[in-house]
Each structure stands twice: as C-alpha cells, then as structure tokens.
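K.L.:
The following comprises the amino acid sequence and a computationally predicted model.
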Amino acid sequence: QITAFITDANLAALYATNGYIVIAPDYPGQGINYKVQHPYVIIPQLNASSALDALKACRDALVKLNINIPQPSKFYISSY
C-alpha cells in the first residue's frame, strides 16, 4: 500500500535529519506490490546479504564522492 511506502520514506527522512546515513534498498521480491506477502521470513539470509551489499555500496559511493564518514557512524538500513 502507498501508506507503507510513505511510512518508510518518513522514517528514512527522520533518521537522515538526525545525522544518520540512510540506506533504503528495495529488497529482492519486495518491489511495490504490497498485496503479496514478502518472503523475508522464509529466506532471511537473502535480505541480510542484500543489506550488507547496500551498506558496502553506500560506503564505496561516499568514498568516491570524497565524503568523510565520521567514526563511529550512525546507519539506518531499511527497505520500502
């Protein structure tokens, strides 16, 4: 439902405005079809590896953009 997307987008914005680096990938199989239950319970390893891949891609992008990442950093990983 569009409501779930808006909720996720608002949470991401809330964390970003509080200094977090926000990563919100569209996990495999989720997309925008909220009528189908997402199989994350059946295959949690897939979502965990997707989140780690997104984290690595984010870190690589920040380095390429010459954006310093404070240590320790605050990250918020979610999906829509």
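P.N.:
Here it is on my side, so go on.
K.L.:
pLDDT weak spots in the chain?
P.N.:
1-2, 26-41, 79-80 (pLDDT under 70).
K.L.:
can you give me the strands in the protein?
P.N.:
Counting by DSSP state E, the chain has strands at residues 21-23, 75-77.
K.L.:
Mind putting those strands into TSV with distance to A48 and mean neighbour count?
P.N.:
To be clear about C-beta, it is placed using only N, CA and C from the backbone, and glycine gets the same treatment. Shown next, in TSV, are these (distance: least, CB to CB, whole Å; neighbours: other CB atoms under 10 Å):
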stretch	distance to A48	mean neighbour count
strand 21-23	13	18
strand 75-77	10	16
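K.L.:
do you know which of those strands lies nearest A61?
P.N.:
Counting by CB to CB, A61 lies closest to strand 21-23 out of these; the figure is 10.1 Å.
K.L.:
As TSV, the strands of the chain with distance to A57 would be great.
P.N.:
TSV is the format used below for the strands of the chain (distance: least, CB to CB, whole Å):
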stretch	distance to A57
strand 21-23	8
strand 75-77	12
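K.L.:
what's the closest of the ones you listed to I67?
P.N.:
strand 21-23 (9.3 Å).
K.L.:
now for the strands of the chain, which one comes closest to D53?
P.N.:
strand 21-23 (10.0 Å).
K.L.:
Out of the strands of the chain, flag the one nearest N68.
P.N.:
strand 21-23 (11.6 Å).
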